[in-house]
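In: Everything below, folded, please.
(one chain, ligands or ions: 2)
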Amino acid sequence: MDVYVEKPKCTGCSHCFDVCPVAVFEMRPLDGSKGDINADTAPEEWKWKGQEDPAVFAKWNNDVQKCHDHYKQKSVAVNGSACILCQACLIECEGECIVITDDQGQKYHSIYK
Ligand code: SF4
Ligand code: SF4
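Out: Numbers count the residues shown, from 1 in each chain. Ligands and ions are numbered 1, 2, ... in the order given. From the prediction side, this is the model:
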């Protein structure tokens, strides 16, 4: 199993971190103080380069979200091989930015519900 996060779309909401039963995700501050934000298998186009996705930012950057850790941190899939494909993160992801590939090559993309 492989898991990565499309970093420019990640709002930092922590939902994936909160729901994952096998600790696939770590939340890492943008200043790099808790490790490399690009330490998962996200392809080059989806690595963090300091630029938020404008559409996701516009959708979620409201007063409620500003009270939490939105846009101060990113989720990093540090332990993707442990994923049991429970799909909990796939329906909780505000940025719709989690991509899971199973051992047969089937891809799953998060859709917020
Ligand atoms: S689908 Fe995988 S990464 Fe997502 S919550 Fe379940 S075990 Fe964790
Ligand atoms: S649920 Fe999605 S948007 Fe929220 S922190 Fe995890 S990867 Fe980022």
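In: Roughly how far does Ile84 sit from Thr11?
Out: Here Ile84 is placed at a distance of 24 Å from Thr11 (C-beta to C-beta, to the nearest Å). All C-beta spots, glycine's among them, are computed from the backbone N, C-alpha and C.
In: which of those two has more neighbours?
Out: Each of Ile84 and Thr11 has its neighbours counted (other C-beta atoms under 10 Å); Thr11 has more, 26 against 11.
In: mind listing what's buried in the longest helix that the chain contains?
Out: Among the elements of the chain assigned as helix by DSSP state H, the one spanning the most residues is helix 54-60. Across helix 54-60, burial judged by 16 or more other C-beta atoms under 10 Å covers 56-57, 60.
In: just these now: which is nearest Pro43?
Out: Within the buried residues of helix 54-60, the smallest distance to Pro43 is 17.9 Å, found for Val56 (C-beta to C-beta).
In: just the strands in this structure please.
Out: Taking DSSP state E, the strands of the chain run over residues 2-5, 25-29, 73-77, 98-101, 107-109.
In: if we compare those, which one ends up closest to ligand 2?
Out: For ligand 2, the closest of these is strand 73-77, at 3.8 Å, according to C-beta to the nearest ligand atom.
In: Mind giving me the packing neighbours of that closest one?
Out: For strand 73-77, the helices and strands in contact under the criterion 3 or more C-beta pairs under 8 Å, 6 or more residues apart in numbering; DSSP states H and E are strand 2-5, strand 25-29.
In: Provide the strand pairings for that strand, with the direction of each partner.
Out: Sheet pairing of strand 73-77 (DSSP bridges) gives strand 25-29 (antiparallel).
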